[in-house]
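A.B. asks: model the structure of this input:
(one chain, ligands or ions: 1)
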Amino acid sequence: MFEKVLIANRGEIALRLHRACREMGIKTVAVHSTADSDAMHVRLADESVCIGPPPAMDSYLNMPAILAAAEITGAEGIHPGYGFLSENADFAHIVTEHGYTFIGPTEQHIRTMGDKIEAKKMVRDLGIPVVPGSDGEVTDPEEAVALAEDIGYPLLIKAASGGGGRGMKLVRQASEFADALAAARRESKAAFNDDAVYIERYLEQPRHIEIQVIGDGTGKVVHLGERDCSLQRNNQKVLEEAPSPALNDAVRQKIGQTVVDALSQIKYTSLGTVEFLYEDGEFYFIEMNTRLQVEHPVTEAITGIDLVREQIRIAAGAPLSFSQEDISFHGHAIECRINAEHPTTFVPSPGQVGDFHAPGGLGVRVDSGLYAGYRIPPNYDSLIAKLVVHGTTRNDCLMRLSRALEEFVIGGIDVNIPLHADVIQQQSFIDGDYHIHWLEEFLGHHK
Ligand code: ADP
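C.D. replies: As a prediction, the model looks like this:
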């Protein structure tokens, strides 16, 4: 096992990683920008190294500075968390090249899954159902128009290198297609330095359902059930739950097994999430994330498994400590992403936190680096806390979540707690009857 791990991230996930290491007897090294000197995980870590100024390009994405920090502190493993360098195959390569262990999948798997066109081809060949669309990149406008006719409208033009809900263009009719294709390629080149785009049928009212997997590199892969992440705004997740109110056990086991069979063929290593859209009883692959996800705690709540601990164990060369038969699901869990933003206008609200009181009690988990007086820097993502609630049934979970949201006090800044409180009172949400556009429709009616 590692003696010391460097945490190449910030915020709540850096704290999450620190906690897992601590419980495993592993020393931690925090790296941070000058904007994060007072962050909770920096205070708690055994050692900390400042790696640059506030812009992420100069700090959390600064590979030489991170490697230098590993060298000075003698860290053996580097955990990238999510975002930043977590799905950067070059980083995984350089880390390994310098003799450290990258706590994540292999460089090759990160690279393939990071190219959405390659990923789609690979998983389709491995037997996973994908969204109908182009076989690969589309370049020639005339061929593309013909192909678009075959796929049918509406359709999406997607950037091969897109991510974080960016790089997607909806085309409703043939007359808009040629212009949209040219624009999509231009925009993708500007945003991701890659003009490769592909087309996909646009599903009107699907749910977003993703399967959590873990593999140890020997071909042994286990799935840990699904998360329903259909509550989204701007293609970004707002609230996640497990299990999905839309699946029954037979459907769950079938898709889980399909994913396990596929990923064991490539001897997948570490944590991974296979994302699907689910409509009319069919699953359609959209992408695979080769990292720890923001919403991993809902899976931890219903399986009782510490995903980060397992991920670290596997990176250290240990085999998976459980088999598929050992996995069972208990109760229901919901995670609310608490953002520093106005609950109705969504304008970001960094600044100094006034009063701070996190809810507690049975079945309540709060992952957050916040404390009273902490100054949230304006440079990063607005996610400041995750409230994860577990209950015996979905209804118990909702009652508990409602009371936990009432207890949560974050003063001095705008937060989206009232939005969550409002959403979970809506009848369609209570009935589990919602899809990926539901939240935006709900917000539209409220305006
Ligand atoms: P990203 O990497 O940017 O997160 P994804 O491919 O995972 O991109 O898609 C993000 C979200 O965009 C999905 O959860 C879904 O809401 C929407 N989306 C993606 N593909 C489609 C599609 N073919 N039809 C309808 N919605 C889609």
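
A.B. asks: pretty sure Leu6 sits against Ile66.
C.D. replies: Yes. Contact between Leu6 and Ile66 holds when scored by CB atoms under 8 Å: they sit 7.3 Å apart. Where C-beta positions appear, they are placed from N, C-alpha and C, glycine not excepted.

A.B. asks: Glu71 - nearest residue in space that isn't next to it in sequence?
C.D. replies: Of all residues not flanking Glu71 in the chain, His98 sits nearest, at 7.9 Å (CB to CB, 6 or more residues apart in numbering).

A.B. asks: any idea how far that neighbour lies from the ligand?
C.D. replies: 29 Å (CB to the nearest ligand atom, to the nearest Å).

A.B. asks: list the beta-bridge partners for His278.
C.D. replies: If you look again at residue 278, you'll see it is Tyr, not His. Note on Tyr278: beta-bridge partners by DSSP bridges are Arg207, Phe283.

A.B. asks: in its sheet, what does the longest strand seen in the chain sit against?
C.D. replies: Taking DSSP state E as the criterion, the chain has its longest strand at strand 221-233. With DSSP bridges as the test, strand 221-233 is paired with strand 207-216 (antiparallel), strand 236-242 (antiparallel).

A.B. asks: okay, Leu6 and Ile66: which has more neighbours?
C.D. replies: Using other CB atoms under 10 Å, the more surrounded residue of Leu6 and Ile66 is Leu6, with 31 against 27.

A.B. asks: nearest the geometric middle of the chain, what residue?
C.D. replies: Central residue of the chain (CA atoms, centre = their mean): Gln293, 3.5 Å from the mean position.

A.B. asks: now do the same contact list for that residue.
C.D. replies: For Gln293, the contact set (CB atoms under 8 Å, 6 or more residues apart in numbering) comprises 82, 210, 212, 227, 271, 273.

A.B. asks: same check on Ile334?
C.D. replies: When contacts are counted by CB under 8 Å, 6+ apart, Ile334 is found next to 239-241, 298, 388-389, 397-398, 401, 424.

A.B. asks: could I get those as a markdown table with pLDDT and neighbour count?
C.D. replies: Shown next, in a markdown table, are those (pLDDT from 0 to 100; neighbours: other CB atoms under 10 Å):
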| residue | pLDDT | neighbour count |
| --- | --- | --- |
| Leu239 | 98 | 24 |
| Glu240 | 99 | 28 |
| Glu241 | 98 | 27 |
| Val298 | 98 | 30 |
| Val388 | 99 | 22 |
| Val389 | 99 | 30 |
| Cys397 | 98 | 22 |
| Leu398 | 98 | 19 |
| Leu401 | 98 | 27 |
| Ile424 | 98 | 19 |
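
A.B. asks: so Ile128 sits in a helix?
C.D. replies: No. Ile128 is assigned coil when assessed by DSSP: H, G, I helix; E, B strand; the rest coil, not a helix.

A.B. asks: any idea of the pLDDT on it?
C.D. replies: On the pLDDT scale, Ile128 is placed at 98.

A.B. asks: I'd like to know how far it sits from the ligand.
C.D. replies: Distance of Ile128 to the ligand, computed by CB to the nearest ligand atom: 14 Å.

A.B. asks: wait, what's in contact with that residue?
C.D. replies: 258-259, 262, 274, 285.

A.B. asks: 7 Å instead?
C.D. replies: Residues near Ile128 by CB atoms under 7 Å, 6 or more residues apart in numbering: 258-259, 262, 285.

A.B. asks: for the ligand, state which of those residues is nearest.
C.D. replies: For the contacts of Ile128, the closest approach to the ligand (CB to the nearest ligand atom) belongs to Phe285, at 9.3 Å.

A.B. asks: span of stretch 294-312 from start to end?
C.D. replies: Stretch 294-312 has an end-to-end distance of 17 Å (CA to CA, to the nearest Å).

A.B. asks: next, the buried residues of that stretch.
C.D. replies: Using 16 or more other CB atoms under 10 Å as the test for burial, stretch 294-312 gives 294-303, 305-312.

A.B. asks: which ones among these are found in helices?
C.D. replies: Judged by DSSP state H, the buried residues of stretch 294-312 include 296-303, 307-312 as members of helices.

A.B. asks: the residues you listed: which two are farthest apart?
C.D. replies: Ile302 and Ile312 (21.1 Å; CB to CB).

A.B. asks: could you measure from the residue nearest to the centre of the chain over to the ligand?
C.D. replies: For Gln293, the distance to the ligand - CB to the nearest ligand atom - is 11 Å.

A.B. asks: ramachandran angles for that residue?
C.D. replies: The phi and psi values for Gln293, taken as degrees, to the nearest 10, are phi -100, psi 160.

A.B. asks: so which bits of the chain are right by the ligand?
C.D. replies: Applying CB under 6 Å from any ligand atom, we find that the chain lies next to the ligand at 131, 156, 162-166, 200-203, 208, 232, 235, 275, 277, 286-287, 436.

A.B. asks: okay, now the unreliable bits of the stretch 201-350 of the chain?
C.D. replies: By pLDDT under 70, the stretch 201-350 of the chain contains no weakly predicted segment.

A.B. asks: what's the helix or strand hosting Lys120 in contact with?
C.D. replies: If you go by DSSP states H and E, Lys120 is part of helix 116-125. Applying CB under 7 Å, 6+ apart, the contact partners of helix 116-125 are 112-113, 130, 136-137, 158, 160, 162, 196, 198, 262, 285, 287-288.
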